[in-house]
Structures are given as C-alpha cells and as structure tokens.
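Asks: based on what follows, work out the 3D shape:
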Amino acid sequence: MAIARQVAGLAMGRIPAGARIADIGCGDGALLAAILEKGKPSSALGVDLSGKMLSAAAKRLSPHGSVLIQADAEALPFANGSMDMIVSSLALQWVENTGAAIMEMARALAPGGALTLATLGPGTFPELADVLSSQRIGGRGAAHTAASFAPEERLAEALRRAGFSFHIHKAMLAHQYPGFLDFIRTLKKVGALGAPVFAGMGLARRELLRRLGREYENKYRSGSGVRATYQVFFIEAERRG
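Replies: Alright, predicted model coming up:
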C-alpha cells in the first residue's frame, strides 16, 4: 500500500549504517521489503500476531534473510535497548492498548533510537460513517472501530510518557475501490468490519448491504470507483537518552 511506501521513505533518511531494525505488525512484509531493497541494516526482524500474515511475509522477504516472529506488539520479544530503529505501518490502531505498545517500542529501542510509523486516526472512513448513520446504524461496525482509534492527543501523551521526542503529521488520504462491496471485503479482510455491525439481523443483513451499497455508490462514486478516506498519523520519534 502507498502508506507503507511513505513510511519506508521517512525511515530511509534516519537509518544508520548497520542498524538493527524491527517492523512491528509487519503484515505481508511490504514495509520491511521496501526498506531492505535500499538499506543495509545489520539485522531485520518482522513481528506480527497473525501466522497467516507471517507466511505471506516469508515469501516476500525470502531474498532478504529477514527473521520473522509471531508476537504481540504489547509484549515484544526483544531485550531492552536491542533495536536502533522500529517501523510500523497501519498496525498500531489494532492493538488493544496503544500506550502499552508504544512503551514496549521505547523499551526495545536503544537511547537515541528512531521510531517511524503510520497509524489510522478516528477520522477514518467518514463516508461509511455517513451512510451507516443515515440507515440508523451509526456507532457500530467499521464506523465504531474507526471512532475507537487513538486521537492525536492520546498518541502524543503516550509518546511523551514513553520518553520520546516526536513529530506527528496528519493526512487525509483517499483511496478508490472498484465498488462498495470491494471496499467492504477489504475491511473484513483486515478485521475492520466484524459481526457487530450485523448483530441480530439474520436475513436482513443482505438487504442492509444492498441499501448501504446503493447510498454509498450514489454519494461517493467518482469515475471508475468509490472513495474511502483514511485519516493517517505519520509519527517520527526518537527515544531520548
């Protein structure tokens, strides 16, 4: 995804020669691969909670000799100060305790170590929130998930408590999907749209999707696709000594 490439670009200017790098929530390995194609770290580790994602990452990263570990971002299997750089792309918003994950990243970084990441903010999916609200199902499903993402103020406080100096850049990035159902399938794939949005609806679920799809297509189709907007926080931080 384009966001992973942006994180890689930000990270490349901050990676010292022979750095020890870890990608937290590495997914299919796209971010780590982009860094390893140009950088020369002494070690590169990918961490993800999903075995399925790690299998995909193993295929992508096989030419680079990366080490992949199945672990939780809130309990990283790294010794204190063992990393020079930590990167992460669109993973932090899925952890249960954002502050605990940021504290773990700080613990794993050596003094002066760099953190470069992107995470979604609560302004994500405004189009979906709009159509869910108009169908009187606001506050559930993906709209509810996005609302639970950490706002900038909470991220900033967590970074300060973990001992980082930092800069947060906000962006609203629009992505096009061929159609509404393609967008919904993507959300389900990444776990952003689960059973709660359809709880207790039974056969009415299909009709609900049709109604949502019609409204979404009418309001947010442009050219060959429908728009979905992501609020992204790009964070560049350094662990203070």
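
Asks: which residue would you name as the spatial centre of this structure?
Replies: In the chain, the centroid-proximal residue (Cα atoms, centre = their mean) is Leu90; its distance is 1.0 Å.

Asks: can you pull the contacts of that one?
Replies: For Leu90, the residues meeting the contact criterion (Cβ atoms under 8 Å, 6 or more residues apart in numbering) are 1, 3-4, 25, 27, 118-120, 232. Where C-beta positions appear, they are placed from N, C-alpha and C, glycine not excepted.

Asks: likewise for Phe149?
Replies: Contacts for Phe149 (Cβ under 8 Å, 6+ apart) come out as 93, 119-122, 124.

Asks: make CSV from those and add pLDDT, distance to Asp72 and neighbour count to it.
Replies: Shown next, in CSV, are these (pLDDT from 0 to 100; distance: Cβ to Cβ, whole Å; neighbours: other Cβ atoms under 10 Å):
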residue, pLDDT, distance to Asp72, neighbour count
Gln93, 93, 15, 21
Thr119, 97, 16, 25
Leu120, 95, 19, 22
Gly121, 95, 22, 20
Pro122, 93, 23, 16
Thr124, 93, 23, 23
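
Asks: out of these, which sit inside strands?
Replies: In strands, defined here by DSSP state E, the members of these are 119-120.

Asks: tell me which two in the contacts of Phe149 are the farthest apart.
Replies: Using Cβ to Cβ, the contacts of Phe149 span at most 10.9 Å, a distance reached by Thr119 and Pro122.

Asks: can you show me the helices along the protein?
Replies: 2-12, 30-36, 51-61, 98-108, 126-134, 141-147, 152-161, 180-189, 204-220 (DSSP state H).

Asks: okay, now Phe164: neighbour count?
Replies: 22 (other Cβ atoms under 10 Å).

Asks: that one against Arg239, yeah?
Replies: Yes: applying Cβ atoms under 8 Å, one finds Phe164 in contact with Arg239, separated by 5.9 Å.

Asks: quick one: least confident helix or strand in this protein?
Replies: Counting by mean pLDDT, DSSP states H and E, the chain has its least confident helix or strand at helix 141-147, which shows a mean of 63.

Asks: re the thing from before, which residues do Thr119 and Pro122 both contact?
Replies: Common contacts of Thr119 and Pro122, defined by Cβ under 8 Å, 6+ apart, comprise 149-150.
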